[in-house]
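*Asks:* sequence and computational prediction follow.
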2 protein chains.
Amino acid sequence: MSRTSARTSGLPPTLADVAERAGVSRQTVSNAVNNPDLLRADTLLRVQQAIADLGYLPNRAARNLRTRASHLIGLRIQAAQEGTANATMDRFVHSLVETSREAGYHVLLFTGDPTDPLSGYEDLLRSTAVDAFVVTDTYLGNPQAEWLDGRRAPFVAFGRPWENPGATHAWVDVDGAAGCESATRHLLAKGHEKIAWIGWRKDSRIGEDRRAGWHRAMKEAGLPTSGLASRVEDTVASGREASEVLLDEAAPTAFVCASDTLAMGVLHTLGLRGLRVGDDVAVVGFDDSQVAQVVRPGLSSVRQPLEDVAIEVVTALEGLLGRPRVAQQGVLLTPSLVVRDSSGPDRV
Amino acid sequence: MSRTSARTSGLPPTLADVAERAGVSRQTVSNAVNNPDLLRADTLLRVQQAIADLGYLPNRAARNLRTRASHLIGLRIQAAQEGTANATMDRFVHSLVETSREAGYHVLLFTGDPTDPLSGYEDLLRSTAVDAFVVTDTYLGNPQAEWLDGRRAPFVAFGRPWENPGATHAWVDVDGAAGCESATRHLLAKGHEKIAWIGWRKDSRIGEDRRAGWHRAMKEAGLPTSGLASRVEDTVASGREASEVLLDEAAPTAFVCASDTLAMGVLHTLGLRGLRVGDDVAVVGFDDSQVAQVVRPGLSSVRQPLEDVAIEVVTALEGLLGRPRVAQQGVLLTPSLVVRDSSGPDRV
DNA sequence: ATGAAAGCGCTAACAG
DNA sequence: CTGTTAGCGCTTTCAT
């Protein structure tokens, strides 16, 4: 051996240290860790004892070098938008970290120039720092998917390939239309007939999808929708202004919104006009943000099953990275509606 | 060479590929990357050209193995608490990721058994997966610091060593007392004299610190504090109940709270009693959460300078990991007060 | 079932 | 200033 044993040096124990202590070769120790079935029961036990005694854990860098895998998955995050209720990402990050760990992966966070959806990916990929990516900001038109596909980089998207339905990469998404449809039905069941929609600008595919859910539910109920929809920026002020206009021009008794941020704008308007939230006008948001949870009265909201999204994402990742490669197509999950006081009572 | 060159194989180019193309030895390429000053100008240029041509980037695993460093820093995160307005961690994570990148580090996220403050650290440390940790959940009594210190693992704490003021490790914290003092002074300046405190249970050092700021400001103004303080759990319901009791028994005209979550509870009480937020009773929270930003009326709140915290943390980290080792002691940063409508008008 | 040999891609130490 | 040598700690052949 070319270096002092672990006990004398301050360095962590290596395979060689364990081998020496157990009286076997290094290879046998490696097998004990990675292919225990190959060892005879008593040898295995002896090696495991030595491993425990020494507190041995394989050195990551060495293993990574050898296996050409880092067991790291990269996730690009953006700054939370101040002044909004958006918090999907943070809940997702936590779920992903948790689920990844169970699959033997850690999550490496990185940021990039917000105006360049590609920045940050390339360096990590070329330096083999991560095995795969989870791509989340697909609303940007999602050039990442195409780019990563081109480099044959494994990745799973949280978000459908809106722009390119023929894309073959793995993705997981939440059915926003279904969420808004169930929110609208919920209000219809309470007796509302004039239910307004406040969503995002038309260039947002996600926004149009959610809007379609509202529209479908209204049509199914045989109710008109014209004059009841508004498309604005995702800010509280926009939600407030849009709801003012809608109240003046169409007098809806309920609002379904594409986000909790917009829903908060509606609550502002109701407050300013002395209308009682829930009792006079019902409101449902989207995301089940902390804001929805702590505001008074509580804001009903569509909640994305982010824990399940993480599970599906990691499953897809394992398929992509495992041997044999198991390709997964798209997975669409259904959100649930969290009912709070802003839904109001039944209007029998 | 023992393997096909990068162009023919699908693998990324290596040092050897670059060396061959530039007509120099591998070592020279390594120097071109890590110690450019050592090369003659023309050689450097030639090597850099080859690097650019090939799109070469050093393989992380190999470099990590050789240098015994991963350039990764570990950060343990916990699930965001639903039903609260707490969001410090998410803002901090983003700032840390951003700042770390500038220093050449990436952030590796991990979770652990919530009941065991140590879980998760050990494996990463022993497997040499990270170079250092950023420890944040110091409110747990912070056994991590001692434990990490014992293993001589580099780490920086976001949070003071409350339990052990003699601790020598690097830490960065925000002066909660100063924040609450300035919040209280802000209300005093508006003409309030009966300013109540709603904070956390006595075993929370952070809570006691924040409370001290309120207390100090009141004393300096020559105002009594007895009967004006309450210590409860960090939930909206607790804030609501505490404010009801305080209003009944002491009739304060303003509240300073240890968190936005508690402040939301106060807003609930005011709403239920028909008291106008700001006009009748002023409220100030702590954290400048999204909730504070989007609720109506806006909630004044103490904002932690998390971007600066991240900068100080990374600076300390660089000192810890750099050569020579530069030890940093504690850094205490001052938060700022974000004034919104819940502060109310001047009560001349 | 266990061991020996080779090498992943890089850099520290030294030689020239 | 550049090249040679020798590993970092691990796993993948291939013998035994």
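*Replies:* Alright, I've got the coordinates.
*Asks:* any idea how far residue A:73 is from the closest residue to DNA strand D within the stretch 101-250 of chain A?
*Replies:* Among the residues of the stretch 101-250 of chain A, residue A:104 lies nearest to DNA strand D; the distance is 12.1 Å by CB to the nearest atom of the strand. C-beta coordinates here come from the backbone N, C-alpha and C atoms, glycine included. When distances are taken as CB to CB, to the nearest Å, residue A:104 and residue A:73 turn out to be 11 Å apart.
*Asks:* which parts of chain A sit against DNA strand D?
*Replies:* A:2-3, A:11, A:14-16, A:26-27, A:30-31, A:33-34, A:56, A:58-59, A:62-63, A:65-67 (CB under 7 Å from any atom of the strand).
*Asks:* would residue A:107 count as being in a helix?
*Replies:* No. Inclusion of residue A:107 in a helix is not indicated when DSSP: H, G, I helix; E, B strand; the rest coil is applied; the result is strand.
*Asks:* the stretch 1-150 of chain A: strands as residue ranges?
*Replies:* According to DSSP state E, counting those that start in this stretch, the stretch 1-150 of chain A carries its strands in the segments A:72-76, A:106-110, A:132-135.
*Asks:* who touches the first one?
*Replies:* With CB atoms under 8 Å, 6 or more residues apart in numbering or on different chains as the contact definition, strand A:72-76 has outside contacts at A:93, A:96, A:100, A:105-112, A:120-121, A:124, A:129-137, A:317, B:108.
*Asks:* in its sheet, what does that strand sit against?
*Replies:* Next to strand A:72-76 in the sheet, as set by DSSP bridges, lie strand A:106-110 (parallel), strand A:132-135 (parallel).
*Asks:* tell me which of these is the most buried.
*Replies:* Mean neighbour counts were taken over these using mean count of other CB atoms under 10 Å in any protein chain shown, and the top value, a mean of 24, falls to strand A:132-135.
*Asks:* pLDDT averaged over that strand - what is it?
*Replies:* When pLDDT is averaged along strand A:132-135, the result is 95.
*Asks:* so how far is it from its chain's centroid?
*Replies:* Its chain's C-alpha centre lies 11 Å from the corresponding centre of strand A:132-135 when counted by CA atoms, centre = their mean, to the nearest Å.
*Asks:* and if you look at stretch A:29-44?
*Replies:* When distances are taken as CA atoms, centre = their mean, stretch A:29-44 is centred 39 Å away from the chain's centroid.
*Asks:* that stretch near DNA strand C at all?
*Replies:* Yes. Stretch A:29-44 reaches DNA strand C (CB under 7 Å from any atom of the strand) through A:31, A:38-40, A:42-44.
*Asks:* show me the contacts for residue A:290.
*Replies:* Residue A:290 makes contacts with A:85, A:87, B:80, B:82-87, B:289-291, as judged by CB under 8 Å, 6+ apart.
*Asks:* residue A:300 reaches residue A:284, doesn't it?
*Replies:* Yes. Using CB atoms under 8 Å, residue A:300 is in contact with residue A:284, at 4.5 Å.
*Asks:* what do the two both touch?
*Replies:* Taking CB under 8 Å, 6+ apart as the contact criterion, the residues that touch both residue A:300 and residue A:284 are A:183, A:186, A:337, A:342-343.
*Asks:* of those, closest to chain B?
*Replies:* Set against chain B, the nearest of the shared contacts of residue A:300 and residue A:284 by CB to the nearest CB is residue A:342 (13.4 Å).
*Asks:* what distance do you get for residue A:42 to residue A:32?
*Replies:* When residue A:42 is compared with residue A:32 (using CB to CB), they lie 12 Å apart.
*Asks:* for these two, indicate the residue with more neighbours.
*Replies:* Neighbours were counted for residue A:42 and for residue A:32 using other CB atoms under 10 Å in any protein chain shown; residue A:32 has more, 24 against 8.
*Asks:* picking that back up, which stretch among the strands of the stretch 1-150 of chain A comes nearest residue A:236?
*Replies:* Between residue A:236 and the strands of the stretch 1-150 of chain A, the shortest separation by CB to CB is 26.4 Å, and it involves strand A:72-76.
*Asks:* which residues sit in contact with the nearest residue to residue A:269 once chain neighbours are set aside?
*Replies:* The spatially closest residue to residue A:269, leaving aside those adjacent along the chain, is residue A:243, at 4.2 Å (CB to CB, 6 or more residues apart in numbering or on different chains). In this structure, residue A:243 makes contact with A:196, A:198, A:255, A:265-266, A:269-270, judged by CB under 8 Å, 6+ apart.
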